[in-house]
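Visitor: what follows is a predicted protein model with its sequence.
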Amino acid sequence: MTEITVYTDGAARGNPGNGGYGIIMISGKYRKEISQGFAYTTNNRMELMAVIVALENIKSVNANVTVFSDSRYVVDAINAGWLKSWEIRHFKNIKNPDLWMRFLKVYRLHKIKFVWIEGHAGNPFNELCDKMAVEASMQTNLPEDKGYMQSIENNALL
């Protein structure tokens, strides 16, 4: 069975503002780093997007995955059971429903454990993910976060 360790972080310069995420994935001797920036988004969207993209990049099914994140929003949504109740309510009045529905599709493909870690506390992988996220948010010609923009247009919760 595949064992994968994932570190993620998201950032937004302004909230909302330009944002980005950073991901480090480790499996055995393999390591993959991924980052991406978006124009006009939120920190929580980038934190969640980082986890989604990491899980979408796992090539096997039923992998044992440990995700380390400094986002209480993401980690508590899963570990405290909020996500289950949100799904039962069809994400009514929940922020970022587009991303949570996307998350559920890949979440169910694996055995995933979420671990909250304190941000900016010296964890080298978390620090690197933060650096990658901030650098991604500073790129020029960033793509639009379409889900965020749609929620604004629809006067949905942001």
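Guide: Happy to help now that I have it.
Visitor: how about the worst-scoring helix or strand of the chain on mean pLDDT: buried residues?
Guide: Counting by mean pLDDT, DSSP states H and E, the weakest-scoring helix or strand in the chain turns out to be helix 146-153, with a mean of 88. Buried residues in helix 146-153, counted by 16 or more other C-beta atoms under 10 Å: G147, Y148, S151. (C-beta placed from N, C-alpha, C; glycine too.)
Visitor: show me the contacts for M46.
Guide: G10, A11, A12, G19, G20, Y21, F38, A133, S137 (C-beta atoms under 8 Å, 6 or more residues apart in numbering).
Visitor: indicate each strand paired with the helix or strand harbouring the fourth one and its parallel or antiparallel sense.
Guide: Looking back up the chat, that one is G19. Using DSSP states H and E, G19 falls within strand 17-27. As defined by DSSP bridges, the strand partners of strand 17-27 come to strand 3-14 (antiparallel), strand 30-41 (antiparallel).
Visitor: out of the ones you listed, the one nearest V51 is which?
Guide: strand 3-14 (5.3 Å; C-beta to C-beta).
Visitor: for P16, see how far away M49 is.
Guide: 14 Å (C-beta to C-beta, to the nearest Å).
Visitor: next: F125.
Guide: For F125 relative to P16 (C-beta to C-beta), the value is 27 Å.
Visitor: with I152 instead?
Guide: Separation of I152 from P16 (C-beta to C-beta): 9 Å.
Visitor: can you give me how far stretch 138-149 is from the chain middle?
Guide: The chain centre lies 15 Å from the centre of stretch 138-149; the measure is C-alpha atoms, centre = their mean, to the nearest Å.
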